[in-house]
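*Asks:* Make a model of this:
(one chain, ligands or ions: 1)
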Amino acid sequence: MDCNIGVIRGDGIGPEIVSEAVKVLDAVGAKFGHNFKYDEILMGGCSIDATGEPLTKEAIEQAKRADAVLLGSIGGDAKTSPWYKLPADKRPEAGLLGIRKALHLFANLRPAYLYPQLNEACPLRDDIIGDGFDMLIMRELTGGLYFGKRETREVNGKIEAYDTLTYNEDEIRRIAIKAFDIARKRRSKVTSVDKANVLDSSRLWRKVVEEVAADYSDVTLEHMLVDNAAMQLVKDPKQFDVILTENMFGDILSDEASMVTGSIGMLSSASLNETKFGLYEPSGGSAPDIAGKGIANPIATILSAAMMLRFTFDMDKEADAIENAINKVLDEGYRTIDIMPAPGKDASSIKQVGTTDMGDLIVERL
Ligand code: NAD
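*Replies:* Numbering: from 1, shown residues only. Got it, this is the predicted structure:
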């Protein structure tokens, strides 16, 4: 199969971790007979340096022509980088919001999976971890509070500010359908998280999710209030399969879910629209503190490439091969610095490796 992949290497560790993911994709192409073609796209700080803009029209057109985009990460150190002296809409992060909007990427998927080999990195108690957990947060990405009308104004001599949280039924329905479709490929359970005891937008959310659920009698639906969900994520994370939620609740809960797995360097993500197109990227940022040192963990980016194969190209076998290779490397005790056992834990069978070594080890085990 011919696949056109837009590649945004970005800033900081972005170019280092993307190179490893491309290396793995090339090895998958050779093994399974696919032709991955790459189109390099500028975005973020490197685009500001080259063009004065974090995301040019040409970059958006390149992304639109691709079947999928693989992104490293963008941004720099806000205290020292000259990019952060620019107005907000000219900074690196404006590129990320711009591309999500231009490509209508309304569904953000973040798996939070605890690798049994990395139990030692999980901050939860052993009895809570049990046999590990494996959940996926499905966050609505282009509506709600972050895109609603907002204003700061003076009323009767006092400054006040407001934001608005609006969803229409179509926006809720399309993300709910994505969640139920994905639950069918997993353990067939959707937990829809809202604040229906207080918010009108949540009551509409719950009603539309129930309508969608009627077409998926094989998938179990439960509703959970967001405050309870925040508690359950650390009390009993095993209960979750797919968590479906709106933009701000998803922003907060997905960070909480990622922290209980131990390292941000292991967590992939995908942002999808109504077509098969997707933007795939690690959950972490550009990690300016370790950029250029050759120690960043490339696994989240490699797992993001595996998600791309699964969701955009329907290549389940190929995605499984990447995930199995990562499991073997972890079984054999190889770790980047961020997933080394905590001080005081047994590290006798553990070997620390750098970014390119980790990529090579995964390629060898494909
Ligand atoms: P960060 O995720 O870049 O770093 C947080 C910590 O995690 C750092 O100690 C870093 O070294 C570590 N870390 C992150 N990824 C790692 C990896 N693959 N391997 C090993 N360690 C890793 O978050 P931050 O410091 O808050 O942000 C840095 C920059 O990244 C900022 O400019 C921010 O705006 C940007 N950012 C970009 C994205 C994106 O491109 N999607 C997402 C988040 C933050």
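*Asks:* okay, now Gly132: neighbour count?
*Replies:* By the criterion of other Cβ atoms under 10 Å, Gly132 has 16 neighbours. For the C-beta atoms, the positions are set from N, CA and C on the backbone; glycine is no exception.
*Asks:* Quick check: closest non-adjacent residue to it.
*Replies:* Residue nearest to Gly132 in three dimensions, not counting chain neighbours: Leu114, with 4.4 Å by Cβ to Cβ, 6 or more residues apart in numbering.
*Asks:* Around the ligand, pick out the residues from the stretch 251-366 of the chain.
*Replies:* Selection of the stretch 251-366 of the chain residues close to the ligand by Cβ under 6 Å from any ligand atom yields 264-265, 281, 284-290, 296-297, 300, 338.
*Asks:* Inside strands: which ones of those residues?
*Replies:* Within these, membership in strands is found for Glu281, as judged by DSSP state E.
*Asks:* Could you tell me which of the residues of the stretch 251-366 of the chain next to the ligand count as buried?
*Replies:* Buried residues within these, counting neighbours by 16 or more other Cβ atoms under 10 Å: 264-265, 281, 284-288, 290, 296-297, 300, 338.
*Asks:* Among those residues, which has the minimum pLDDT value?
*Replies:* Sorting those by confidence puts Ile264 at the bottom, with a pLDDT of 83.
*Asks:* okay, and for the stretch 251-366 of the chain, where does confidence drop off?
*Replies:* Scanning the stretch 251-366 of the chain for pLDDT under 70 picks out no residues.
*Asks:* Greatest separation within the residues of the stretch 251-366 of the chain next to the ligand: which pair is it?
*Replies:* Farthest apart among these by Cβ to Cβ are Glu281 and Asp289. That separation is 19.0 Å.
*Asks:* Can you tell me which helices and strands the host helix or strand of Ile182 packs against?
*Replies:* Assigned by DSSP states H and E, Ile182 belongs to helix 169-184. Packed against helix 169-184 by the contact rule (3 or more Cβ pairs under 8 Å, 6 or more residues apart in numbering; DSSP states H and E) you find strand 107-113, strand 134-140, strand 189-194, helix 200-213, strand 242-245.
*Asks:* now His279, what's its secondary structure?
*Replies:* Check again: residue 279 is Leu, not His. Put simply, Leu279 is strand when judged by DSSP: H, G, I helix; E, B strand; the rest coil.
*Asks:* distance of it from Phe180?
*Replies:* With distances taken as Cβ to Cβ, to the nearest Å, Leu279 is found 22 Å from Phe180.
*Asks:* Comparing these two, which residue is more hemmed in?
*Replies:* Leu279 (26 against 22).
*Asks:* Looks like the more buried one contacts Ala270 (just checking).
*Replies:* Yes. Taking contacts as Cβ atoms under 8 Å, Leu279 lies within contact range of Ala270: 7.2 Å.
*Asks:* count of neighbours near the closest residue to the ligand within the stretch 101-250 of the chain?
*Replies:* Nearest residue of the stretch 101-250 of the chain to the ligand: Asn108, at 10.8 Å (Cβ to the nearest ligand atom). Close neighbours of Asn108, defined as other Cβ under 10 Å, add up to 22.
*Asks:* Next, the buried residues of the strand or helix carrying Gly98.
*Replies:* Remark: Gly98 resides in helix 92-102, with elements defined by DSSP H and E. By neighbour count on 16+ other Cβ under 10 Å, the buried set for helix 92-102 is 92-96, 98-100.
*Asks:* One more: stretch 162-180?
*Replies:* 165, 167, 171-172, 174-176, 178-180.
*Asks:* can you put the residues you listed in JSON lines and add distance to the ligand and pLDDT?
*Replies:* As requested, the buried residues of stretch 162-180 are exported to JSON lines (distance: Cβ to the nearest ligand atom, whole Å; pLDDT from 0 to 100):
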{"residue": "Leu165", "distance to the ligand": "23", "pLDDT": "97"}
{"residue": "Tyr167", "distance to the ligand": "24", "pLDDT": "98"}
{"residue": "Glu171", "distance to the ligand": "22", "pLDDT": "97"}
{"residue": "Ile172", "distance to the ligand": "25", "pLDDT": "98"}
{"residue": "Arg174", "distance to the ligand": "23", "pLDDT": "97"}
{"residue": "Ile175", "distance to the ligand": "20", "pLDDT": "97"}
{"residue": "Ala176", "distance to the ligand": "25", "pLDDT": "98"}
{"residue": "Lys178", "distance to the ligand": "20", "pLDDT": "95"}
{"residue": "Ala179", "distance to the ligand": "22", "pLDDT": "97"}
{"residue": "Phe180", "distance to the ligand": "27", "pLDDT": "98"}
